[in-house]
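Engineer: Model the structure of this input:
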Amino acid sequence: MKGIVGRICGDTSATEFNFVVLSPKEVKRTDFVKVWNDIDGWVIAQILDIKAKADFNENDALNGKTAKNEIYIAKAIVIGCRDKNGLLKVPKTPFVPGENVFKADDELVMDALGLKRDGVYIGLLEERNIKVKLALNPLVQKHCCILAKTGSGKSYAAGVIIEELLERDVPLLIIDPHGEYTSMKYENDSKDEIKKMGEFGVKPKGYKKKIKIYTPPNSPFLDRADDVIKLDGLNLTPEEIIELTGLANTTSQALVYQAIKNLKGKEYSIEDIIEEVESIKHNAKWSLLGHLEKILDSGLFDTNPTPINRLLQKGKASIIDMRGIPPEHQDLIVSRVCNQLFELRKVNKVPPGMIVIEEAHNFIPERGYGKAISTPILRNIASEGRKFGLGLMVISQRPARIDKNVISQCNTQIILKVTNPNDVNAIRKGIEGLTADMVDEVKRLPPGTAIVVSPELERPIIVRIRIRKSKHGGASIDIVKEQKIKFEKGVEKVEKKKKDGLLKRLFGG
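Structural biologist: Predicted structure coming up:
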């Protein structure tokens, strides 16, 4: 019969079965297959593993003989089939040995997995031309996390989702510590990627009209920004002052607490704190005053701060580019901006939207991996944001170092290649729905391929992330290529000088 790839053999159950593979070239691990059931109709299953057996022992190998009678046995786990009400169910009786196994067609796979016909398009199902689309509202309001080791494509995958959200006019605030997302203003000009766009059904596109880039006043990339972000410097807490100054000396820390305690009951600025510290009779104040003056010199605080409601607008993405900014300043910016945005969202003064946090392990570290003053508000948004329509996307290359409570609140998880044992273990413990086989698969994923876990899907799936429409700003630098370019430019300069010198000798001047 056409399309048969195997026949069920050995012990079976209603949830799993083994089958002899008739054509090994047509069947691979993670493929989807179908088996006919007289009661339920076509039942979909997924291949977990394939093993080869042969009548071939050690002596045969030593004597250079060739293996004969090879048999390939595949193990499949049952996903199920849809009933008349659209509910997924698993057969109540075991599969019968000898039944034919067929390769599943796309429509049945989509139906069984719960893939949407419309939604946020992130890529293609592994080995198939099936577009994987995630429902918009659960993705945004119930939070999303993207986890991967460096170089596996986490920022690239985040850019794909951001493109989709921008095209649906979802308001976005992007915390960008390395300036990776500012390039989204421009269309993708990579020749290699443009060649692959047809496979994914996309075309180059820039989002210049939808993106506004902010930088702090002390940024070395100020000239590339659309606007400056300045914070309200009133009533900074002792913890914020200590964070900004990096004070490790307990005496200096005590002076900060004393100065702010003396100012309690009224609005105060950094200048007021400096004046209060100057009045304290203690030798440690001179070092502290130097640190406080540095805060003033940064220009981060202003009596006319950036209106926070500008950072979350319908159809726009505000990117806070924090390249070259000290980590303690980045932490305070995230803390203050997210706090104010959440309060504004509670009273409906900004539209529902999403906050994207790149390098999230720096802003919401797991206990034991450091502290950040931005942690409380990000935890709060993760636990309560969905009630007020404020979503969170957290992106990290160190899953073990990011707050487990926040990860557990993310209903959609996109996991690219991870190999560090601590990070793999954190994924195993922190993400529901991942089987032991899927956790092992995480270590073997090629770049640009992800395991996607979502309550909207019946089981985790492997997805080839689609090509970006916009330019990717987080690509690794090719050192050899860069050196070659510099060398070629150097040669051009030398040749030009020689040519100019010859012209002067011939014609004067």
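Engineer: just so I have it, where are all the helices in the stretch 201-350 of the chain?
Structural biologist: Ranges of helices in the stretch 201-350 of the chain, per DSSP state H, counting those that start in this stretch, are 238-245, 250-262, 270-278, 285-297, 327-346.
Engineer: I'd like to know which of those lies nearest to residue 63.
Structural biologist: Of all those, it is helix 327-346 that lies closest to residue 63, at 64.6 Å by CB to CB. C-beta coordinates here come from the backbone N, C-alpha and C atoms, glycine included.
Engineer: who does that closest one touch, helix- and strand-wise?
Structural biologist: When contacts are defined as 3 or more CB pairs under 8 Å, 6 or more residues apart in numbering; DSSP states H and E, helix 327-346 sits against strand 172-176, strand 231-232, helix 238-245, strand 353-357, helix 375-388, strand 390-396.
Engineer: who wins for proximity to residue 46 among the ones you listed?
Structural biologist: Closest to residue 46 of those is strand 390-396 (CB to CB; 28.0 Å).
Engineer: So what pairs up with the most centrally placed residue in the chain in the strands?
Structural biologist: When CA atoms, centre = their mean is applied to the chain, the residue found nearest the centroid is residue 146 (3.0 Å). Beta-bridge partners for residue 146, by DSSP bridges, are residue 395, residue 414.
Engineer: Residue 101 now?
Structural biologist: What pairs with residue 101, by the bridge criterion (DSSP bridges), is residue 6.
Engineer: Give the buried residues for stretch 89-103.
Structural biologist: For stretch 89-103, the neighbour count (16 or more other CB atoms under 10 Å) marks 91, 95, 99, 100, 101, 102, 103 as buried.
Engineer: Got the domain ranges for this structure?
Structural biologist: Domain ranges of the chain: 4-113, 141-220+312-465, 238-297, 484-509, per automatic domain parsing.
Engineer: can you list these in a markdown table and add mean pLDDT?
Structural biologist: Below are the domains of the chain laid out as a markdown table (pLDDT from 0 to 100):
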| stretch | mean pLDDT |
| --- | --- |
| domain 4-113 | 90 |
| domain 141-220+312-465 | 94 |
| domain 238-297 | 89 |
| domain 484-509 | 59 |
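Engineer: Residue 303 is nearest to which of the ones you listed?
Structural biologist: domain 238-297 (7.8 Å).
Engineer: what number of residues lie near residue 168?
Structural biologist: Close neighbours of residue 168, defined as other CB atoms under 10 Å, add up to 11.
Engineer: Please verify my assumption that residue 146 contacts residue 399.
Structural biologist: No: counting by CB atoms under 8 Å, residue 146 stays clear of residue 399, with 10.3 Å between them.
Engineer: JSON lines for the helices of the stretch 201-350 of the chain, including mean neighbour count?
Structural biologist: Output for the helices of the stretch 201-350 of the chain, formatted as JSON lines (neighbours: other CB atoms under 10 Å):
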{"stretch": "helix 238-245", "mean neighbour count": "20"}
{"stretch": "helix 250-262", "mean neighbour count": "17"}
{"stretch": "helix 270-278", "mean neighbour count": "17"}
{"stretch": "helix 285-297", "mean neighbour count": "16"}
{"stretch": "helix 327-346", "mean neighbour count": "20"}
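Engineer: For residue 228, find the nearest of the ones you listed.
Structural biologist: Closest among the helices of the stretch 201-350 of the chain, using CB to CB: helix 327-346, at 12.0 Å.
Engineer: what separates the closest one from the chain centre, distance-wise?
Structural biologist: Computed by CA atoms, centre = their mean, to the nearest Å, the chain-centroid distance of helix 327-346 equals 20 Å.
Engineer: Residues contacting that helix, please?
Structural biologist: 173, 175, 177, 216, 218, 229, 231-232, 240, 243-246, 298, 300, 308-309, 311-312, 320, 322, 325, 350, 352-353, 355, 357, 362-363, 372-374, 377-378, 380-381, 385, 388-390 (CB atoms under 8 Å, 6 or more residues apart in numbering).
Engineer: Okay, angle between that helix and helix 238-245 too, please.
Structural biologist: Using axes from the mean of the first three to the mean of the last three CA atoms, to 10 degrees, one finds that helix 327-346 and helix 238-245 are set 140 degrees apart in direction.
Engineer: coming back round to it: out of the helices of the stretch 201-350 of the chain, flag the one nearest residue 395.
Structural biologist: With CB to CB as the measure, helix 327-346 is the member of the helices of the stretch 201-350 of the chain nearest residue 395 (13.4 Å).
Engineer: Surely residue 221 and residue 325 touch.
Structural biologist: No: the pair residue 221 / residue 325 is not scored as a contact, 9.5 Å apart, by CB under 8 Å.
Engineer: Now render the helices of the stretch 201-350 of the chain as JSON lines, adding distance to residue 62.
Structural biologist: Shown next, in JSON lines, are the helices of the stretch 201-350 of the chain (distance: least, CB to CB, whole Å):
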{"stretch": "helix 238-245", "distance to residue 62": "68"}
{"stretch": "helix 250-262", "distance to residue 62": "72"}
{"stretch": "helix 270-278", "distance to residue 62": "80"}
{"stretch": "helix 285-297", "distance to residue 62": "74"}
{"stretch": "helix 327-346", "distance to residue 62": "61"}
